[in-house]
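S.K.: build me a structure from this.
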Amino acid sequence: MENKSKKEIKRKSIATSCCDIFTKNGFHNISISQIALTAGIGKGTIYEYFKNKEDIVFELMSCLQENYDEEFQHNLKVAITPYDKILTLFSIFISKNENIKVQRAIYKQFLIICLTQPSDEIKVYNTNLRKKYIIILDEIIENINLSTKIYDSVVGFFVASNSLVTYDLETTIKDFIKNELDNKEG
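M.R.: Okay, here's the model as predicted:
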């Protein structure tokens, strides 16, 4: 942490302090005043660290993604089969773990911003995130075309699951990955 500036540390602190209100209320239902109150700072201070609410969600997503990546790398080491490794990668979409559920809720808010109000920085971040996971998938299954199809399909399933009340995302993802791996082998 010694490499991070005080401003970076404060920025992360403000963003992470707002995790609960973004999770519970959603991006569109929160004001900068509520964010400032939750973070225990003045409204003007928010603008010293962030351009807008989107920027706060982006920072929060980045912080949560760092934590997810660390946990993912650890879990990937113990996964044995390609199927288990792929499920480990996509645990963000199907895990029952409370921390992952929170990250999933923030990821949903991040996707809303990506689709409705993307900045260049958010576009680059999202593109790099996709590339990173496709490379990991490619290492697992050694097929870049299948890696791209699996990644894009699983993210698509997640987006669809947020608009369909009776959608069983976990079963859909597991069945899809199993079928794709079976087709690769056959």
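
S.K.: C-alpha from now on. contacts and neighbour counts both.
M.R.: Noted.

S.K.: which strand or helix spans Phe158?
M.R.: In the assignment (DSSP states H and E), Phe158 maps to helix 144-161.

S.K.: can you give me the buried ones in that helix?
M.R.: Going by neighbour count (16 or more other CA atoms under 10 Å), the buried part of helix 144-161 is Leu146, Ser147, Thr148, Ile150, Tyr151, Val154, Val155, Phe157, Phe158, Ser161.

S.K.: equivalent analysis for stretch 80-87, please.
M.R.: Neighbour-count burial for stretch 80-87 flags Pro82, Tyr83, Asp84, Lys85, Ile86, Leu87 (criterion: 16+ other CA under 10 Å).

S.K.: so the second one touches Glu180, yeah?
M.R.: When you say that, I think you mean Tyr83. No: the pair Tyr83 and Glu180 does not pass the contact test of CA atoms under 8 Å, sitting 9.9 Å apart.

S.K.: now the residue nearest in space to the middle of the chain, nearest residue through space, not along the chain?
M.R.: Note on the chain: the residue nearest the mean C-alpha position is Tyr107, at 4.1 Å, using CA atoms, centre = their mean. Setting aside the residues directly before and after it, Tyr107 is nearest to Met61 in space (CA to CA, 6 or more residues apart in numbering), at 6.5 Å.

S.K.: hmm, that neighbour is touching Ile106, no?
M.R.: Yes: if you go by CA under 8 Å, Met61 and Ile106 touch, sitting 6.4 Å apart.

S.K.: Lys77: how many residues sit nearby?
M.R.: By the criterion of other CA atoms under 10 Å, Lys77 has 10 neighbours.

S.K.: what's the following helix or strand after the host helix or strand of it?
M.R.: Using DSSP H and E, Lys77 sits within helix 53-78. Using DSSP H and E, the helix or strand that follows helix 53-78 in sequence is helix 82-89.

S.K.: average pLDDT for that following helix?
M.R.: Averaging pLDDT along helix 82-89 gives 93.

S.K.: for the next helix or strand after that helix, name the packing helices and strands.
M.R.: Per DSSP H and E, helix 82-89 leads on to helix 91-94 as the next helix or strand towards the C-terminus. Applying 3 or more CA pairs under 8 Å, 6 or more residues apart in numbering; DSSP states H and E, one finds that helix 91-94 makes contact with helix 98-116, helix 169-185.

S.K.: reformat these as TSV; add mean pLDDT and distance to His28.
M.R.: Shown next, in TSV, are the helices and strands packed on helix 91-94 (pLDDT from 0 to 100; distance: least, CA to CA, whole Å):
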stretch	mean pLDDT	distance to His28
helix 98-116	85	9
helix 169-185	90	25
